[in-house]
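S.K.: I would like to see how this sequence folds:
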Amino acid sequence: MAPNGHLVVVGATASGKSALALEVARQRPGVELISMDSMALYRGMDIGTASPTLAERNEVPHHLLDIADPTEEFTVSEFQKAASGVLDDITSRGQRAVMVGGTGLHVRAVVDGLEIPGRYDQVRAYLESDKDTTGLHAQLLELDPVAAQRMEPTNRRRVLRALEVTLGSGQPFSSFGPGLEAYPPTPFAQVGLRVDREALDRRIAERYERQMEEGFLDEVRALAALPGGLSRSAAQALGYRELLAHLRGECTLDEAVGEAVVATRRFARRQERWFRRDPRIEWFDVAEEPLALLEPVLATFDRCGPEQ
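M.R.: Just a heads-up that it's a prediction; the model follows:
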């Protein structure tokens, strides 16, 4: 498939994706950045998502930041539509994009144009009242054996989603496109940053230390005071969830930050496993400084130009 000129930079949280993508944009005038983060799109969630600073946003155009209120749900389908619109606009102006992604599903939704089933809230609420996950999986096995065989019977999140769609739409969940197990040709070039586990763990802890110094707790306090409260998705964001528990008096501040560090390290492992399964990603090992990879990443970016 012919390249479309756009580059996707993926990797675990705190791997240095954003800094590297920003430097690519600085080195290649006309490049615009697109955030592929499912939480940075919420207004007021800047420190905890390590969003670009105002100065960085003024220097290089950034997209899909601060586009939704944190009291609202912003679905993958809505994100896919918004990202596609931004890409169409950038392409129409003869520019190129670097998409910076940490949220695997959102990246795949755009890169592969996934057919994403709708939401069926009443069905979901009914299913969530049943705590027997293996029993729900047995029900899915009867209704959609193909989908059921693609997941562990104990993976409650996946089982619930597959049943929700199957019952709500009247169509098997497995009928919605090839699914995440397929990695078809794509016009997007993709590079991944791979960081040694010990180094990544250290980077995650150091980033939380910086964020607390920058006022992360005050940011969470302001969000908690919003009328109507945070949406389910926003309230579960890493770091925010733990600091909200502290503000409710459920733990000390040190305990909250410690748990956020542990949870984020676990999340980084899951990100690594998710992206590692994609054979289309070109991987680069990060030593101490991600910007040391600038030249090889620029070479990949230059090769994927549409004129090539």
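
S.K.: sec struct for residue 190, please.
M.R.: strand (DSSP: H, G, I helix; E, B strand; the rest coil).

S.K.: Could you list everything it pairs with in the sheet?
M.R.: Under DSSP bridges, the beta-bridge partners of residue 190 are residue 8.

S.K.: Residue 174 and residue 186, how far apart?
M.R.: 21 Å (Cβ to Cβ, to the nearest Å). Using the backbone N, CA and C atoms, a C-beta is placed for each residue, glycine as well.

S.K.: so where do the strands sit in the stretch 201-308 of the chain?
M.R.: Along the stretch 201-308 of the chain, the stretches classed as strands by DSSP state E, counting those that start in this stretch are 282-286.

S.K.: Could you pull up the mean pLDDT of stretch 28-48?
M.R.: Averaged over stretch 28-48, pLDDT sits at 97.

S.K.: tell me how far the ends of it are from each other?
M.R.: Chord length of stretch 28-48, first to last residue, is 29 Å (Cα to Cα, to the nearest Å).

S.K.: can you check stretch 116-132 too?
M.R.: Stretch 116-132 has an end-to-end distance of 26 Å (Cα to Cα).

S.K.: Please apply the same query to stretch 168-186.
M.R.: Across stretch 168-186, the straight-line distance between its terminal residues is 31 Å, by Cα to Cα.

S.K.: Check stretch 52-67 too.
M.R.: 14 Å.

S.K.: buried sites along that stretch?
M.R.: Residues of stretch 52-67 classed as buried by neighbour count (16 or more other Cβ atoms under 10 Å): 52, 56, 60-67.

S.K.: ditto for stretch 133-140
M.R.: Using 16+ other Cβ under 10 Å as the test for burial, stretch 133-140 gives 133, 136-137, 139-140.

S.K.: what is the mean pLDDT for that stretch?
M.R.: Stretch 133-140 comes out with an average pLDDT of 96.

S.K.: Identify all contacting residues around it.
M.R.: By Cβ atoms under 8 Å, 6 or more residues apart in numbering, the residues outside stretch 133-140 that reach it are 127, 130, 147-148, 151, 153-156, 159-160, 162-163, 166, 173.

S.K.: again, but for stretch 114-129
M.R.: Here stretch 114-129 makes contact (Cβ under 8 Å, 6+ apart) with 75-77, 80, 108-109, 136, 160, 163-165, 167-169, 173, 176-177, 180.

S.K.: Just those: which are in helices?
M.R.: 76-77, 80, 108-109, 136, 160, 163-165, 167-169 (DSSP state H).

S.K.: In ChimeraX, how would I select the buried members of the residues you listed?
M.R.: Buried residues among the ones in helices among the contacts of stretch 114-129 (16+ other Cβ under 10 Å), as a ChimeraX selection:
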select :76,80,108,109,136,160,163,164,165,167,168
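
S.K.: Using CSV, lay out the ones in helices among the contacts of stretch 114-129 together with distance to residue 218.
M.R.: CSV is the format used below for these (distance: Cβ to Cβ, whole Å):
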residue, distance to residue 218
76, 30
77, 33
80, 33
108, 35
109, 33
136, 41
160, 35
163, 41
164, 37
165, 40
167, 43
168, 40
169, 43
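
S.K.: Run through the residues that contact the residue most central in space within the chain.
M.R.: Nearest to the geometric centre of the chain sits residue 103, at 1.5 Å (Cα atoms, centre = their mean). The neighbourhood of residue 103, defined by Cβ under 8 Å, 6+ apart, consists of 36-39.

S.K.: Distance of it relative to residue 42?
M.R.: Taking Cβ to Cβ, one finds residue 103 at 13 Å from residue 42.

S.K.: before we move on, what about residue 83?
M.R.: 15 Å.

S.K.: More neighbours: these two, which one.
M.R.: Neighbours per residue (other Cβ atoms under 10 Å) separate residue 83 from residue 42, with residue 42 holding more: 27 against 23.

S.K.: Surely that one is in contact with residue 68?
M.R.: Yes. Using Cβ atoms under 8 Å, residue 42 is in contact with residue 68, at 5.6 Å.

S.K.: hey, what's in contact with both of those two?
M.R.: Counting by Cβ under 8 Å, 6+ apart, the contacts common to residue 42 and residue 68 are residue 74.

S.K.: quick one: the strands in the stretch 1-150 of the chain?
M.R.: Along the stretch 1-150 of the chain, counting by DSSP E, counting those that start in this stretch, strands occupy 7-11, 31-36, 62-63, 96-101.
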